[in-house]
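> attaching a predicted model along with its sequence, questions to come.
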Number of protein chains: 2
Amino acid sequence: MPVSRIELIPVEGMPEIAPGDDVATAIMNHAELSEGDVVVVTQKIVSKAENRIVDVDPDDPLSHKPLVEREAVRVLRRRGDLVITETTHGFVCANAGIDRSNVAAGTVALLPEDSDRSARRIRARVKARVGVDVAVIISDTFGRPWRRGVTDVAIGSAGIRPIVDLRGTEDAMGNELHVTEVAVVDELAAAAELVMGKATGCPVTIVRGVDPDWLGDGEVGSDLIRRPAEDLFR
Amino acid sequence: MPVSRIELIPVEGMPEIAPGDDVATAIMNHAELSEGDVVVVTQKIVSKAENRIVDVDPDDPLSHKPLVEREAVRVLRRRGDLVITETTHGFVCANAGIDRSNVAAGTVALLPEDSDRSARRIRARVKARVGVDVAVIISDTFGRPWRRGVTDVAIGSAGIRPIVDLRGTEDAMGNELHVTEVAVVDELAAAAELVMGKATGCPVTIVRGVDPDWLGDGEVGSDLIRRPAEDLFR
């Protein structure tokens, strides 16, 4: 593979994850990780491993709504059953990120308590077991205003700078770029989703070939979440 | 490459694009296209080819602001010099999508008049010249509320369904998925940006290995733009 290409590699054949399972080991049992890989892990299996699964009435499609109110710090908009919330983590998303897909009937999955911590743990376990430095992104599927459809975004990360600041570097014409802070962890989460699909039992993608300059410190919580005071839409 | 992988391949060495140039030919001169490839083209070279470049006072950093007012149908928010606009196309973005990067000093680039049409033309020229069916996405870099940093999104497309509707297909647990309409053209634009960078003179990425079920009819304008009446944040 020429060095400038990027490959999106689905990790297939992983078993169902249950509370207490080690996600990092499950990944390493089904994939050969290389230095500099970005491992994108869907939120659902992290929530399962961390026992963030809650029982609800299987016969009532709205039985998770009290949980939504509990997990949200603020409701931004309501329309019918749709509630756009700000979560305790600072994410703005539908239903406080709670959903009923890819979990057993009669249960829902809450978001991990701290997805940056979840990412750091997976990264540390990979390093401990195979001696390889990887970046880890926890991804989830969010809607957005103004554009139809959902895309995957990063809700936690470790070993990669969430925002790569190209401010002040020159563009191809020699002009100074004034504001180009690229949210690379969100672009990586979106890219990873392209090979995961939604219902194929593939919860992890390896992104191979990412610019090594992007690897480093940072986390979604402190670097990517826009503070309400600087947000024009809250 | 195993069939389930996706490759992101930058198209390197393309010349500067000038008004009247044929973008499709420039791409084909620097890349071997295959059936089913998704060709992601940055807005800037399309705007240049379509002569959407406008002279402004090179010494006044705000000299493009009157153009912003002209290209916008509505201003959603203002803070200092930042203007969040709805464009004639229905996009919500800063400064009506006008920017000064990667164009000659003293000029700015407007968005293409109709990026779906631009995408259709590139697709048709590829088909005519090499007999290969590709999908084409025109991408641009937009900010978003609630999350810091910018990501690339699709502003035009051809030969691919912008939203892949997984509504009603079963997830891995046998539950019915209620709402999973994935904006795959936005995820493809974001993925493509990972190899293009912002200032490397690489304006085109080939995405190879995309699910052939996604290829088909549709366009950004009619399929992806959320109508104001169904938008909770306008």
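Yes, it's here.
> which residue is the nearest non-sequential neighbour of residue A:226?
Nearest residue to residue A:226, sequence neighbours excluded (Cβ to Cβ, 6 or more residues apart in numbering or on different chains): residue B:148, at 5.0 Å. Every residue, glycine included, has its C-beta placed from N, CA and C.
> OK, contacts around residue A:120?
Under the criterion of Cβ atoms under 8 Å, 6 or more residues apart in numbering or on different chains, the neighbours of residue A:120 are A:136, A:158, A:219.
> wait, the last one sits on residue A:156?
Yes - in this structure, residue A:219 sits in contact with residue A:156. The criterion is Cβ atoms under 8 Å, and the distance is 7.1 Å.
> residue A:189 belongs to a helix?
Yes - under the criterion used here (DSSP: H, G, I helix; E, B strand; the rest coil), residue A:189 sits inside a helix.
> burial measure for it, as a count.
By other Cβ atoms under 10 Å in any protein chain shown, the residues close to residue A:189 number 32.
> before we move on, what about residue A:32?
Residue A:32 is flanked by 10 other residues according to other Cβ under 10 Å.
> before we move on, what about residue A:210?
Counted with other Cβ under 10 Å, the neighbours of residue A:210 add up to 19.
> skipping its backbone neighbours, what lies nearest it in space?
In space, residue A:210 comes closest to residue A:38 once its chain neighbours are excluded; the distance is 5.2 Å by Cβ to Cβ, 6+ apart.
> next one: residue A:219
Counting by Cβ to Cβ, 6+ apart, residue A:116 is the residue found nearest to residue A:219 once chain neighbours are left out, at 3.9 Å.
> dump the residue contacts of that neighbour.
Shown in contact with residue A:116 (Cβ under 8 Å, 6+ apart): A:156, A:157, A:158, A:219, A:220, A:221.
> next one: the first one, what pLDDT does it get?
Spelled out, it's residue A:156. At residue A:156, the model reports a pLDDT of 98.
> and whatever helix or strand it lives in with chain B, contact?
Per DSSP states H and E, residue A:156 falls inside strand A:151-158. Yes - applying Cβ under 8 Å from any Cβ of the partner chain, one finds strand A:151-158 touching chain B at A:151, A:152, A:153.
> just those now: which is nearest residue B:46?
residue A:151 (22.4 Å; Cβ to Cβ).
> would residue A:202 count as being in a strand?
No - judged by three-state DSSP, residue A:202 forms no part of a strand; its state is coil.
> now the strands for chain A?
Ranges of strands in chain A, per DSSP state E, are A:6-11, A:38-42, A:53-55, A:72-79, A:82-87, A:92-94, A:107-109, A:135-142, A:151-158, A:164-165, A:181-182, A:204-208.
> which strands or helices does the one helix or strand in chain A whose mean pLDDT sits lowest pack on?
Evaluated with mean pLDDT, DSSP states H and E, the helix-and-strand set of chain A has its lowest mean pLDDT in strand A:164-165, which scores a mean of 87. When contacts are defined as 3 or more Cβ pairs under 8 Å, 6 or more residues apart in numbering or on different chains; DSSP states H and E, strand A:164-165 sits against strand A:181-182.
> mind redoing it with 10 Å?
The helices and strands touching strand A:164-165, judged by 3 or more Cβ pairs under 10 Å, 6 or more residues apart in numbering or on different chains; DSSP states H and E, are strand A:181-182, helix A:184-196.
> so in that sheet, which strands flank that strand, and in what orientation?
Taking DSSP bridges as the criterion, strand A:164-165 sits next to strand A:181-182 (antiparallel) in its sheet.
> wait, what's in contact with the residue nearest the centre of chain A?
Most central residue of chain A, judged by C-alpha distance to the mean C-alpha position with Cα atoms, centre = their mean, is residue A:139 at 1.7 Å. With contact taken as Cβ atoms under 10 Å, 6 or more residues apart in numbering or on different chains, residue A:139 is in contact with A:40-44, A:46, A:115, A:151-157, A:185-186, A:188-190, A:192-193, A:196, A:203-205.
> with adjacent residues omitted, what lies nearest to it?
Using Cβ to Cβ, 6+ apart and skipping residues adjacent in sequence, the residue nearest residue A:139 is residue A:189, 3.9 Å away.
> the one you found touches residue A:40, doesn't it?
Yes - between residue A:189 and residue A:40 there is a contact under Cβ atoms under 10 Å: 5.9 Å.
> shared neighbours of those two, which are they?
With contacts taken as Cβ under 10 Å, 6+ apart, the residues that reach both residue A:189 and residue A:40 are A:137, A:138, A:139, A:152, A:154, A:157, A:205, A:207.
> now, which of these sits nearest chain B?
Compare each of those with chain B using Cβ to the nearest Cβ and the shortest gap goes to residue A:152, at 7.0 Å.
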